[in-house]
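>>> Compute the structure for the input listed below.
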Amino acid sequence: MTPDEYVSQILAKHTVTATAEIYYGMLDPYLRQWAGTYLSRTFISGAYAKGTAIKSSSDIDIFISFKSNYPNLNGMYESLYQYALNQGWSPRKQNVSIRIQYASAKIDLVPGRIQEGYLNWHSLYRSKQMTWTQSNIDLQIATVKNSSRTKEIRAIKIWRNLHDLEFPSFYLELAVIEGLKYQPTTTLADNVWKALTFISQSITATRIVDPGNTNNVISDDLTVSQKVVLSLAAANSLRESNWNRIIW
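Numbering: from 1, shown residues only. Got it, this is the predicted structure:
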């Protein structure tokens with residue numbers, strides 16, 4: 001079996017079933033009830049929308065878009081948390097999302113308020129910093145989905161999970177795209193190898209920003225020491241002689 005065939009086989013093994021739409025359909029009426037007349041729209045975001053979901057980290061992201069006249073970002077975030085608590089969804093506050101347990105799925109609910117005069121630009125409350133940030137979720141999705149690197153991203157996500165590494169998904173997605181930006185088109189296995197090489201050699205020094213807000217530095221999501229752990233793990237994988245010791 002060639003390296004390309006092996007990587008393709010592993011990607012097939014880790015392919016997720018289309019469960020996001022099912023859970024979205026079940027939750028959407030509740031979210032609409034909670035948001036009321038302030039709701040603009042809800043939609044699936046995150047890895048499912050980008051085409052980068054894998055079985056071992058198949059959390060579902062649902063974005064809840066509020067109209068620009070909603071008065072208070074913090075209030076919106078706290079209200080969603082309280083609503084999830086009242087529904088028995090065992091909510092947990094993350095930075096810009098509320099993670100819930102719904103049936104057998106872990107789902108991240110991300111509330112955002114449309115910035116006045118725009119449609120896709122949103123203000124999001126950052127609970128850890130008690131401030132706000134802006135982003136364009138549709139642009140984030142499009143940047144990854146249309147990158148032609150979704151297979152390589154899925155392979156690196158599999159590598160991350162199997163090696164128990166801390167590497168936030170959006171950061172990982174953008175890092176793979178950045179690492180392969182100037183690389184000639186080669187085989188899938190070669191591209192995954194190049195992505196690991198980028199992580200090994202450049203992850204500690206490369207500044208990666210949110211395409212929806214260049215002031216939002218995604219690479220700051222990890223500390224220098226956490227990036228060093230990633231770099232060393234990638235270097236160790238690159239020393240392996242068999243692909244089945246890198247991803248499996």
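
>>> Could you list every helix and strand in contact with the lengthiest strand in the chain?
Across the chain, the longest stretch assigned as strand under DSSP state E is strand 105-114. Counting contacts by 3 or more C-beta pairs under 8 Å, 6 or more residues apart in numbering; DSSP states H and E, strand 105-114 is packed against helix 20-35, strand 60-66, helix 73-86, strand 98-102, strand 121-126. Every residue, glycine included, has its C-beta placed from N, CA and C.

>>> what comes up buried for that strand?
Within strand 105-114, the residues scored as buried using 16 or more other C-beta atoms under 10 Å are 105, 107-114.

>>> Can I get that strand as PDB, trimmed to CA atoms?
C-alpha atoms of strand 105-114 as PDB (Å, rounded to 0.1, in the frame of the first residue of the first chain):
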ATOM      1  CA  ALA A 105     -23.700  15.000  21.500                       C
ATOM      2  CA  LYS A 106     -21.500  17.800  22.600                       C
ATOM      3  CA  ILE A 107     -22.700  21.000  21.000                       C
ATOM      4  CA  ASP A 108     -21.100  24.400  21.100                       C
ATOM      5  CA  LEU A 109     -23.700  27.300  20.900                       C
ATOM      6  CA  VAL A 110     -22.100  30.500  19.700                       C
ATOM      7  CA  PRO A 111     -24.200  33.700  20.000                       C
ATOM      8  CA  GLY A 112     -23.200  36.800  18.100                       C
ATOM      9  CA  ARG A 113     -24.800  40.100  17.300                       C
ATOM     10  CA  ILE A 114     -24.800  41.500  13.800                       C
END
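
>>> quick one: strands adjacent to that strand?
strand 60-66 (parallel), strand 98-102 (antiparallel), strand 121-126 (antiparallel) (DSSP bridges).

>>> now that strand against helix 73-86, angle please.
150 degrees (axes from the mean of the first three to the mean of the last three C-alpha atoms, to 10 degrees).

>>> Just send the helices and strands packed on strand 105-114 back as a markdown table, with distance to Leu188, mean neighbour count and mean pLDDT too.
Formatted as a markdown table, the helices and strands packed on strand 105-114 follow (distance: least, C-beta to C-beta, whole Å; neighbours: other C-beta atoms under 10 Å; pLDDT from 0 to 100):
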| stretch | distance to Leu188 | mean neighbour count | mean pLDDT |
| --- | --- | --- | --- |
| helix 20-35 | 24 | 16 | 97 |
| strand 60-66 | 26 | 24 | 97 |
| helix 73-86 | 40 | 17 | 98 |
| strand 98-102 | 32 | 19 | 96 |
| strand 121-126 | 34 | 22 | 96 |
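
>>> can you put these in TSV and add distance to Ala142?
Output for those, formatted as TSV (distance: least, C-beta to C-beta, whole Å):
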stretch	distance to Ala142
helix 20-35	18
strand 60-66	14
helix 73-86	24
strand 98-102	25
strand 121-126	14
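
>>> Which one, of these, ends up nearest to Gln9?
helix 20-35 (23.9 Å; C-beta to C-beta).

>>> after the closest one, next one along is what?
Per DSSP states H and E, the first helix or strand lying C-terminal to helix 20-35 is strand 39-45.

>>> Distance from that following strand to the middle of the chain?
Strand 39-45 sits 16 Å away from the centroid of its parent chain (C-alpha atoms, centre = their mean, to the nearest Å).

>>> do stretch 228-244 as well
23 Å.

>>> Stretch 32-40 too?
25 Å.

>>> So what touches it?
31, 42, 64-67, 69-70, 79-80, 83, 114 (C-beta atoms under 8 Å, 6 or more residues apart in numbering).

>>> Let's have the residues you listed in JSON lines, adding distance to Ser202.
Compiled in JSON lines, the contacts of stretch 32-40 are given as follows (distance: C-beta to C-beta, whole Å):
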{"residue": "Leu31", "distance to Ser202": "40"}
{"residue": "Thr42", "distance to Ser202": "37"}
{"residue": "Ile64", "distance to Ser202": "36"}
{"residue": "Ser65", "distance to Ser202": "35"}
{"residue": "Phe66", "distance to Ser202": "38"}
{"residue": "Lys67", "distance to Ser202": "41"}
{"residue": "Asn69", "distance to Ser202": "44"}
{"residue": "Tyr70", "distance to Ser202": "41"}
{"residue": "Ser79", "distance to Ser202": "42"}
{"residue": "Leu80", "distance to Ser202": "38"}
{"residue": "Tyr83", "distance to Ser202": "43"}
{"residue": "Ile114", "distance to Ser202": "36"}
